[in-house]
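Novice: sequence first, then the predicted structure, then my questions.
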Amino acid sequence: TQNEPGKVNIHPVTYKLHGLDIVANVYTPSGFDPKKGYPAVVIAHPNGGVKEQVAGLYAQRLAEAGYVTITADAAYQGGSAGQPRNVDKPEHRIEDIHGMADFIARYAGVDQDRLGVLGICGGGGYTLAAAQSDKRFKSVATLSMFNSGRVRRNGFADSQLNTVQERLQQASAARAQEAAGGEIRYSGDANLSDEQIARLPFEMYRQGYEYYWKTHAHPGSTFKYTTSSLLDLMRFDATDQIELIDRPLLMIAGTRADSLYMTEDAFVRASGTRDKELFRIDGATHIETYWVPKYVDAAIGKLTSFFGRTL
């Protein structure tokens with residue numbers, strides 16, 4: 001949050017994406033010289049997250065390793081513009097990643113031929129989609145990848161398969177209400193008591209509430225999203241056309257993450273690249289890869305060697 005000589009510096013920036021003001025932070029390495037050509041990494045944040053949380057931590061750590069990094073608040077979310085608030089459509093989130101690439105490729109000191117991408121949680125799923133067609137990215141990495149479409153459609157761990165049509169009907173009704181000028185409906189209620197959180201069936205969600213509402217809370221961060229977004233989310237899947245990724249691919253997840261099945265499934269399906277690795281962080285849950293120092297260190301160690309080789 002504060003620039004100091006001889007250390008990583010942070011540069012708040014704003015740029016336009018389809019007419020919307022996007023707010024982002026660019027991190028530059030110690031001793032940064034804009035006349036040189038540095039490798040750069042675009043970093044996509046989790047669902048409901050903002051650039052100041054886990055995405056910012058990984059952006060700073062990669063900048064410490066010599067990369068120029070950028071992480072932006074998604075359109076309609078955080079500090080970025082867009083109405084109604086907290087629309088969460090895959091098309092927008094994928095375009096956010098292309099937009100970060102547009103901006104950082106023209107940033108003074110960046111070698112646009114050495115551009116990588118890292119997606120975290122929901123941003124990881126959208127990164128897999130963006131990298132299928134955006135060949136500016138020379139290498140692709142994910143951390144604790146969350147396939148938003150699969151989860152919104154089937155439920156976490158495919159636990160809601162018997163209510164797909166019912167939930168689609170609810171999303172359709174929400175869209176109709178919006179179109180008629182009515183109140184915007186939201187899903188993903190975040191106002192749970194400690195007792196309600198403790199009863200949640202999945203550790204990712206229990207620890208997620210702790211992270212987002214207590215230890216790493218930010219006023220721009222919320223689990224809520226427009227219910228009408230489900231019309232788009234429920235027909236999306238991060239693994240559709242994943243064979244189009246022909247770049248080096250690194251997928252990182254914790255061995256104790258109850259979301260691990262999403263990374264493992266995507267990794268198997270990523271048949272378009274032979275340079276791929278699934279790196280499991282022993283003992284880590286999904287949320288613990290966001291902040292627990294030993295797990296962050298393990299992920300950063302792997303990411304720096306991966307980007308060092310591929311960029």
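Specialist: Thanks, I have it.
Novice: strands of the stretch 201-311 of the chain, start to end?
Specialist: Per DSSP state E, counting those that start in this stretch, the stretch 201-311 of the chain carries strands over the ranges 225-226, 249-254, 276-281.
Novice: out of the ones you listed, which gets nearest to residue 133?
Specialist: strand 249-254 (14.9 Å; Cβ to Cβ). In short, each C-beta sits where N, CA and C put it, glycine included.
Novice: contacts for that closest one?
Specialist: For strand 249-254, contacts defined as Cβ atoms under 8 Å, 6 or more residues apart in numbering pick out 139-145, 259-260, 263-264, 266-267, 270, 273, 275-281, 283-286, 288-289, 295, 299, 302-303, 306.
Novice: ok so, going back, looking at the strands of the stretch 201-311 of the chain, which is nearest to residue 204?
Specialist: Comparing the strands of the stretch 201-311 of the chain under Cβ to Cβ, the one sitting nearest is strand 249-254, at 10.1 Å.
Novice: ok, of the contacts of strand 249-254, which come out buried?
Specialist: 139-145, 259-260, 263, 266-267, 270, 273, 276, 278-281, 284-286, 288-289, 295, 299, 302-303, 306 (16 or more other Cβ atoms under 10 Å).
Novice: so which of the residues you listed belong to helices?
Specialist: 260, 263, 266-267, 288-289, 295, 299, 302-303, 306 (DSSP state H).
Novice: residue 78: neighbour count?
Specialist: For residue 78, the number of neighbouring residues by other Cβ atoms under 10 Å comes to 24.
Novice: correct me if wrong: it contacts residue 51.
Specialist: Yes. Using Cβ atoms under 8 Å, residue 78 is in contact with residue 51, at 6.8 Å.
Novice: which residues are in contact with each of those two?
Specialist: residue 23.
Novice: so the closest residue to residue 142 other than its chain neighbours, which state does it fall into?
Specialist: Leaving aside its sequence neighbours, residue 142 sits nearest to residue 124 (Cβ to Cβ, 6 or more residues apart in numbering; 3.6 Å). Following DSSP: H, G, I helix; E, B strand; the rest coil, residue 124 is assigned to helix.
Novice: quick one: contacts for residue 124?
Specialist: Residue 124 neighbours (Cβ under 8 Å, 6+ apart): 44, 142-146, 238.
Novice: likewise residue 272?
Specialist: So residue 272 contacts 242-246 (Cβ under 8 Å, 6+ apart).
Novice: ditto for residue 132
Specialist: 241-242, 244-245.
Novice: run through who's touching the helix or strand hosting residue 104.
Specialist: Using DSSP states H and E, residue 104 sits within helix 90-105. By Cβ under 8 Å, 6+ apart, the surrounding residues in contact with helix 90-105 are 13, 15, 17-18, 22, 24, 26, 40, 42-44, 68, 70-72, 74-76, 82, 110, 112, 115, 117, 119, 122-123, 126-127, 129-130, 134, 136-137, 148-149, 232-233, 236.
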